[in-house]
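S.K.: please find the sequence and the predicted model below.
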Amino acid sequence: MLDTSNRSQSQMEFARSSRSIPGGVNSPARAFGAVGGTPPFIQRGSGAFLFDVDGNRYIDYVGSWGPHLFGHGHPPVIQAIQQALTNGTSFGAPTVAESELAELIIQLVPSIQKVRMVNSGTEATMSAIRVARGFTGRNVIVKFAGCYHGHVDSLLVQAGSGALTLGTPSSPGVPPGCTADTVVLPFNDSGVLEQAFSQRGSQLAAVIVEPVCGTMGCVIPSAEFLSALRRLCTAYGTVLIFDEVMTGFRVARGGAQELFGIAPDMTTLGKILGGGMPVGAYGGRAEIMNAVSPVGAVYQAGTLSGNPVAMAAGIAMLTTIRDQNPYPALERLAARLADGFLRAAAGAGSRIQVNRVGSMLTAFFSDQPVTDYGSATRSDTKKFSLWFHQMLNHGVYLPCSQYEAMFVSAAHTDDLIDETILAAQAAFSAISA
Ligand code: KE4
């Protein structure tokens, strides 16, 4: 079994980056704040592997937090980027590539009739919320406790106690006015959802939801909850937004909406869509999207939106997804991994819950089922952290928080799953000793 515990070069680089970048990282999720220790500084990725600046090799289950469905350095993506670069990097003018990617999105996600490219998932959700408000002429939006939709002011909201909670900002710098129209409800509770609609349905511009939550860890919606969302939004003229930044092209070719057979009014996309390049998108019914400038009056813009190099990467990704069918193999490998984690934990006398949808999964350190924010946050995060570092030191690179999803890629193999399970057995034994 690998020993990747020597990360002295990463430690030096972390001290260096911390002098010029807040927390030494350009996104807090990477800083190991939830698990402690030093994040490996990555030199390169290839297939299912990451290699750090100390020369350690890791089996990667983060995949840049989702984009790498086919593993790092997927040849069609690399070649497409290299080819696009020969024409330049950005024009700030329409290009054919933008139409090509938009048409691929519409082909793979039929609920989307028109789509606008942006540069991140956050931009996609921020824009979708604005369009839903502009289209309905209403202000109030609903999100769910534990769901994360990027660092949008109106969505950085901490669920208060109680069922129907007016959001209070969960970050300094967000004025109360930004969240005054944000209602936070418990995920997976259709009773409370019904109550919210009966009380305020005519005021609700949009409901935004991760149709499989990945950002409190992987939490799976009940069929009852999803169908209540669709029924109530239809009944009250509220825009149902599926935030598929993580689930899009991940849990099925057409995302969670294909898997569950529920068509939202709008969808936000990111991650896999760009194949590792900065691409987000929001789209939906044409009558809603025609509210967007310059057709309609809802303003949204971006210098690098539809960037031709990023579009080339996205076209390569979605073409591969359209023409190949990685999902059965992803399902089989991820199921083997989940089962291996459960057996390894049981063998060491640990109790965990593994929630999985396709190739996204989370091992919760809890002896109770995890179905919402409350049950997720009852997990033993200290034990998770110990396990995380044991796995890292055995060359397995997992998301550095109990409240994130891990991902299996098409570059993972049965041998790598077996190697990961062996590491998990050693890790569970070590933390149970
Ligand atoms: P970005 O702005 O990070 O591209 O997307 C925001 C976003 C929106 N919606 C969902 C469901 C998401 O998962 C995300 C971003 N996910 C996090 C990890 N769960 C990205 C990692 C990070 O913040 O560094």
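M.R.: Received it, and whenever you're ready, just let me know what you need.
S.K.: nearest to the ligand: which residue in the chain?
M.R.: residue 121 (2.3 Å; C-beta to the nearest ligand atom). (Glycine included, C-beta is placed from N, CA and C.)
S.K.: confirm for me that that residue is in contact with residue 271.
M.R.: Yes: applying C-beta atoms under 8 Å as the test, residue 121 and residue 271 come out as touching, 6.8 Å apart.
S.K.: which helix is the longest one in this protein?
M.R.: helix 327-347 (DSSP state H).
S.K.: other SSEs contacting it?
M.R.: strand 353-357, strand 360-364, helix 414-432 (3 or more C-beta pairs under 8 Å, 6 or more residues apart in numbering; DSSP states H and E).
S.K.: include distance to residue 206, mean neighbour count and mean pLDDT when you put the ones you listed into a markdown table, please.
M.R.: What follows is the helices and strands packed on helix 327-347, written out as a markdown table (distance: least, C-beta to C-beta, whole Å; neighbours: other C-beta atoms under 10 Å; pLDDT from 0 to 100):
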| stretch | distance to residue 206 | mean neighbour count | mean pLDDT |
| --- | --- | --- | --- |
| strand 353-357 | 24 | 22 | 98 |
| strand 360-364 | 24 | 25 | 98 |
| helix 414-432 | 39 | 18 | 97 |
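S.K.: how is this protein carved up into domains?
M.R.: 8-61+327-432, 75-324 (automatic domain parsing).
S.K.: just put those in JSON lines and tack on distance to residue 2.
M.R.: Formatted as JSON lines, these follow (distance: least, C-beta to C-beta, whole Å):
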{"stretch": "domain 8-61+327-432", "distance to residue 2": "3"}
{"stretch": "domain 75-324", "distance to residue 2": "25"}
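S.K.: so which of the ones you listed comes closest to residue 67?
M.R.: The minimum distance between residue 67 and those falls on domain 75-324, with 4.6 Å, by C-beta to C-beta.
S.K.: now do the end-to-end distance for the closest one.
M.R.: 14 Å (C-alpha to C-alpha, to the nearest Å).
S.K.: I'd like the mean pLDDT over that domain, please.
M.R.: For domain 75-324, mean pLDDT rounds to 95.
S.K.: tell me how far that domain lies from the chain's centre.
M.R.: 11 Å (C-alpha atoms, centre = their mean, to the nearest Å).
S.K.: contacting residues around residue 9?
M.R.: Contact criterion C-beta atoms under 8 Å, 6 or more residues apart in numbering gives 41, 52-54 as the residues in contact with residue 9.
S.K.: isn't residue 153 up against residue 174?
M.R.: Yes: using C-beta under 8 Å, residue 153 is in contact with residue 174, at 5.0 Å.
S.K.: report the contact partners of the spatially most central residue of the chain.
M.R.: Nearest to the mean C-alpha position of the chain, by C-alpha atoms, centre = their mean, lies residue 246 at 3.0 Å. Residues counted as contacts of residue 246 (C-beta under 8 Å, 6+ apart) are 66, 210, 212, 214-215, 270-271, 360, 405.
S.K.: cutoff 6 Å now
M.R.: Contact partners of residue 246, counting by C-beta atoms under 6 Å, 6 or more residues apart in numbering, are 66, 214.
S.K.: swap in residue 30?
M.R.: Taking C-beta under 6 Å, 6+ apart as the test, what residue 30 contacts is residue 39.
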